[in-house]
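S.K.: need a structure here:
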Amino acid sequence: MENRIKRQIKLSLQNRIIGFFTLLSIAIILVFEGVSFYSLQNYYYSTIHGILENQIRYSTYMYSSYLSDYRLEDVIIQDKDQFYRNNDGQIQILNNSGVVLFDSTASTQLGQKIETSDTLDALNGEEGNYIGKDPAVEEKVMTVARPLKSRGEQVGILRISTSLETVDELIMQRFLIYALFGIVLIGLTIFISYIMAKSIVKPINNLTKVAEKISNGQLDVHAEENDFNEIGVLGKTVNIMTNNIKEKDRIKNDFISSVSHELRTPLTSINGWASTLLYDPSDEELVREGLSIIEGECIRLSDMVEELLDFSRFTSGRVNLRKEETNITELALSIKSQLTPRAKSLGIDLVINHEEDIFAFVDPNRIKQVLINLVDNALKFTEEEGTVMMNILSGESTVILEVIDTGIGIGQDEINKVTEKFYRGNNSNSHTGLGLSICEEIVKAHHGDMIISSKLNQGTRIKVNIPKEENGD
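M.R.: Numbers count the residues shown, from 1 in each chain. Coordinates of the predicted model:
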């Protein structure tokens with residue numbers, strides 16, 4: 001079924017490309033053929049018309065110069081044909097009523113009235129032209145008619161006609177050559193468009209196969225890359241996407257492995273102490289020590305689970321912030337008091353710089369969670385005798401929270417990844433790799449931003465900007 005669908009897609013795209021270029025070429029060739037036919041016909045007809053026009057002007061001039069003293073009927077009766085003798089076409093002489101008095105071919109039009117456009121124009125004293133069917137010979141003819149004048153007065157009409165059948169055959173022969181050329185061009189266009197369609201469809205088909213394999217979990221496949229066309233760029237993009245998926249998959253597997261290990265360690269400790277206490281519950285000191293360790297491990301497990309749940313809530317948009325007017329300065333001071341004992345135990349100096357009473361409309365518990373996470377991270381990556389600094393500043397419309405440490409820093413290749421979910425880094429002590437991800441989600445939920453800058457072995461600076469006022473939540 002899938003192969004049939006792929007064949008249909010391939011044929012559809014290929015046929016559409018071929019069809020488009022074929023129709024385009026047919027349209028261009030038809031226009032070309034039409035213009036060519038018109039140009040050919042116009043050229044030959046203009047040439048013939050020019051010859052007839054010169055002949056009739058010469059003949060009417062000869063009549064006016066040498067025969068104008070004779071009546072038109074006498075000229076015809078006496079067979080005075082010197083004024084039209086050298087003309088090769090059909091010669092007709094008409095009176096002022098349009099009746100044929102003389103016909104050099106003795107056609108059936110003799111004695112008949114002719115009312116074609118050329119005759120009517122000549123009756124009005126102008127030179128007339130006509131192209132059409134001659135009823136006498138049933139052929140297409142070209143006719144030129146011109147008034148005959150004697151002493152300035154019109155006495156009749158001279159009409160010269162010639163058949164266009166031979167000319168039309170010649171035009172058609174030339175046109176057939178152009179038509180044959182057009183057919184060859186259409187065939188060549190179909191061939192070239194077929195080759196072009198295949199060159200387009202083939203890499204698309206290859207990309208489709210690669211995409212199918214990726215969708216089936218085969219992440220080791222690679223698409224062909226070519227920098228010189230869009231399909232090659234698409235192939236490069238697919239490869240980048242595949243590498244990202246592989247990286248995400250690796251991070252996910254590392255996360256599962258790490259979390260499994262982190263969960264197993266406290267569970268093993270809890271299980272071991274529970275077994276010990278059940279075996280010998282009479283030793284009160286041992287019971288107190290065991291229960292204390294079990295409590296600590298339970299808190300550790302609870303923190304890990306809460307961190308996972310927090311991230312799940314934020315990424316799925318199921319967190320409702322409980323915002324209120326909050327004194328950020330007091331909040332930061334309480335966090336310093338809470339974490340100072342830990343900092344001292346690590347031999348790290350925890351410092352806070354703050355302005356008095358900075359207020360903002362925030363969720364105090366979530367902002368507290370951000371600051372604790374950031375300071376806790378800073379303590380983890382700062383060596384003994386180092387410094388961790390909190391700066392609480394008031395901007396024009398934002399509160400600025402900074403946590404700066406003199407720790408090991410973050411490499412430039414990692415700095416854009418540290419807020420990705422499950423990313424633990426090369427030197428991370430995180431249990432889940434979600435701490436900074438959760439911080440970023442909390443800051444985004446407050447319509448703020450978090451900027452991380454760092455240099456290896458020089459420390460890290462994390463700057464958080466949060467609007468002071470409510471932002472349409």
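S.K.: shaky segments in the stretch 1-150 of the chain?
M.R.: Counting by pLDDT under 70, the ranges of the stretch 1-150 of the chain that qualify are 1-11, 79-80, 82.
S.K.: where do the strands sit along the stretch 251-400 of the chain?
M.R.: 324-327, 349-354, 359-362, 387-394, 398-405 (DSSP state E, counting those that start in this stretch).
S.K.: Strand partners (parallel or antiparallel) of the first one?
M.R.: Within its sheet, and counting by DSSP bridges, strand 324-327 is paired with strand 359-362 (antiparallel).
S.K.: Backbone dihedrals for the closest residue in space to Ile93 that isn't next to it in sequence, please?
M.R.: Spatial nearest neighbour of Ile93, chain neighbours left out: Phe102 (4.1 Å); criterion: Cβ to Cβ, 6 or more residues apart in numbering. (C-beta placed from N, C-alpha, C; glycine too.) Note on Phe102: its backbone torsions stand at phi -140, psi 140 [degrees, to the nearest 10].
S.K.: Now do the contacts for Phe102.
M.R.: By Cβ atoms under 8 Å, 6 or more residues apart in numbering, the contact list for Phe102 reads Ile76, Ile91, Gln92, Ile93, Leu110.
S.K.: One more: Leu456?
M.R.: Ile408, Gly409, Ile410, Gly411.
S.K.: Now rank these by neighbours and give me the top one.
M.R.: Ile410 (23 neighbours; other Cβ atoms under 10 Å).
S.K.: Which of the three states applies to it?
M.R.: Following DSSP: H, G, I helix; E, B strand; the rest coil, Ile410 is assigned to coil.
S.K.: Next one: it relative to Ile462, how far apart?
M.R.: For Ile410, the distance to Ile462 equals 10 Å [Cβ to Cβ, to the nearest Å].
S.K.: Run the chain-centre distance for the host helix or strand of Tyr58.
M.R.: Under the criterion of DSSP states H and E, Tyr58 resides in helix 2-62. Centre-to-centre, helix 2-62 and its host chain are 34 Å apart (Cα atoms, centre = their mean, to the nearest Å).
S.K.: looking just at contacts, which helices and strands does it meet?
M.R.: With contacts defined as 3 or more Cβ pairs under 8 Å, 6 or more residues apart in numbering; DSSP states H and E, helix 2-62 has these neighbours: strand 139-150, strand 153-163, helix 165-215.
S.K.: Could you grab the helix/strand/coil label for Asn86?
M.R.: coil.
S.K.: Identify the residues contacting it.
M.R.: Gln55 are the contacts of Asn86 under Cβ under 8 Å, 6+ apart.
S.K.: okay but Leu120 is in contact with Gly128, surely?
M.R.: Yes: between Leu120 and Gly128 there is a contact under Cβ atoms under 8 Å: 6.7 Å.
S.K.: Who has more neighbours out of those two?
M.R.: Gly128 (20 against 15).
S.K.: Please look at that one and Glu115 and confirm they touch.
M.R.: No: using Cβ under 8 Å, Gly128 is not in contact with Glu115; the gap is 11.4 Å.
S.K.: Break the chain into its domains for me.
M.R.: The chain breaks down by automatic domain parsing into domains covering 2-169, 230-315, 324-467.
S.K.: Redo those domains as CSV? Include distance to His222.
M.R.: Supplementary listing: these in CSV, determined by distance: least, Cβ to Cβ, whole Å:
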stretch, distance to His222
domain 2-169, 20
domain 230-315, 6
domain 324-467, 23
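S.K.: deepest of the ones you listed, which one?
M.R.: domain 324-467 (a mean of 18; mean count of other Cβ atoms under 10 Å).
S.K.: Closest one of the contacts of Leu456 to Tyr84?
M.R.: Comparing those against Tyr84 with Cβ to Cβ places Gly411 closest, at 106.2 Å.
S.K.: what's the pLDDT at the closest residue to the closest one other than its chain neighbours?
M.R.: Nearest residue to Gly411 in three dimensions, chain neighbours excluded: Leu456, at 5.6 Å (Cβ to Cβ, 6+ apart). We have a pLDDT of 84 for Leu456.
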